[in-house]
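Chemist: could you look at this predicted model? Sequence included:
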Amino acid sequence: MSPLPILYSFRRCPYAIRARLALCSAGICCELREVLLARKPAEMLLLSSKGTVPVLKLPDGRVIDESFEVMLWALSQHDPEDLLEIDLEDLRYLVWRNDEDFKPQLDRYKYYTRHPAQPRSDYLAAAEVWLDELEQRLQKQPFVSSERLSLADIALFPFIRQFAHSDLRWFQACRYSQLREWMFRLEQSKQFESVMHKYPVWEMGTVGVNFN
């Protein structure tokens, strides 16, 4: 058994990105196993039949396969940036709105050719309901839930980034100036640069790479 937690991840997945950001903030070293979602390894599927990333296997055998729960576990071990210093009710609301309402609209907007029932502009309009809410928050304070960086920011950021890069020209010219500034600030952080390092795809029977 590995003395380190084992993290199954996919570099570009926003769920995996936010898990890696929390693990990085907490300073938790993991054995990272980069996977291809088109070729999911059997070992990962044995741990979590959902077939999604991230999947975190702890040294005691416990498995956490929800990204938000990975974040909470990591920061409960060590939270040097005080990311958990946040209204937990507001945090759960923000994550719920992002994951349950916004993410499906984001997917339809990004992969609009797979959803020909409506024009892309309709998917954009649906996604903008959430963007409007975040913009209003960020007009009042520099971060989405408070005056300082919190878990809410790193939980939402990868999804806003994915949306923005679906049509970066539109996003750079859109009316969401505070949201754009917030996203670019987080995107340029050293922590984000670190967690987006490219690793080779893990092969079964081998040891993954040290992360963090």
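Modeler: Arrived safely.
Chemist: so where is this structure shaky, pLDDT-wise?
Modeler: Scanning the chain for pLDDT under 70 picks out 1-2.
Chemist: do you have the helices of it handy? List them.
Modeler: 14-26, 42-47, 67-77, 88-96, 103-110, 120-140, 151-166, 168-173, 177-187, 190-195 (DSSP state H).
Chemist: packing partners of the fourth one?
Modeler: Which is helix 88-96. Counting contacts by 3 or more C-beta pairs under 8 Å, 6 or more residues apart in numbering; DSSP states H and E, helix 88-96 is packed against helix 151-166. Any C-beta I mention is one placed from the backbone N, CA and C, and that applies to glycine too.
Chemist: who's in contact with the helix it packs on?
Modeler: For helix 151-166, contacts defined as C-beta atoms under 8 Å, 6 or more residues apart in numbering pick out 14-15, 17-18, 21-22, 25, 68, 71-72, 75, 83-84, 86, 90-91, 94-95, 98, 102-103, 106, 109-110, 127, 131, 134, 143-145, 171, 179-180, 182-183, 186-187.
Chemist: now that helix: how far from the chain's centre is it?
Modeler: Relative to the centre of its chain, helix 151-166 is centred 7 Å away, using C-alpha atoms, centre = their mean, to the nearest Å.
Chemist: and if you look at stretch 12-32?
Modeler: 9 Å.
Chemist: got the CA positions of it in PDB?
Modeler: Written as PDB, here are the backbone C-alpha positions of stretch 12-32 (Å, rounded to 0.1, in the frame of the first residue of the first chain):
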ATOM      1  CA  ARG A  12      -8.100  19.600 -17.800                       C
ATOM      2  CA  CYS A  13     -11.100  18.500 -15.800                       C
ATOM      3  CA  PRO A  14     -12.400  21.300 -13.600                       C
ATOM      4  CA  TYR A  15     -13.400  19.000 -10.900                       C
ATOM      5  CA  ALA A  16      -9.900  17.500 -10.800                       C
ATOM      6  CA  ILE A  17      -8.400  21.000 -11.000                       C
ATOM      7  CA  ARG A  18     -10.200  22.200  -7.900                       C
ATOM      8  CA  ALA A  19      -9.200  19.100  -6.000                       C
ATOM      9  CA  ARG A  20      -5.500  19.600  -6.900                       C
ATOM     10  CA  LEU A  21      -5.700  23.300  -5.900                       C
ATOM     11  CA  ALA A  22      -7.000  22.300  -2.400                       C
ATOM     12  CA  LEU A  23      -4.400  19.600  -2.000                       C
ATOM     13  CA  CYS A  24      -1.700  22.000  -3.100                       C
ATOM     14  CA  SER A  25      -2.900  24.700  -0.700                       C
ATOM     15  CA  ALA A  26      -2.900  22.100   2.100                       C
ATOM     16  CA  GLY A  27       0.600  21.000   1.200                       C
ATOM     17  CA  ILE A  28      -0.400  17.400   1.000                       C
ATOM     18  CA  CYS A  29       1.900  15.200  -1.100                       C
ATOM     19  CA  CYS A  30       0.100  12.600  -3.200                       C
ATOM     20  CA  GLU A  31       1.000   9.900  -5.700                       C
ATOM     21  CA  LEU A  32      -0.700  11.400  -8.800                       C
END
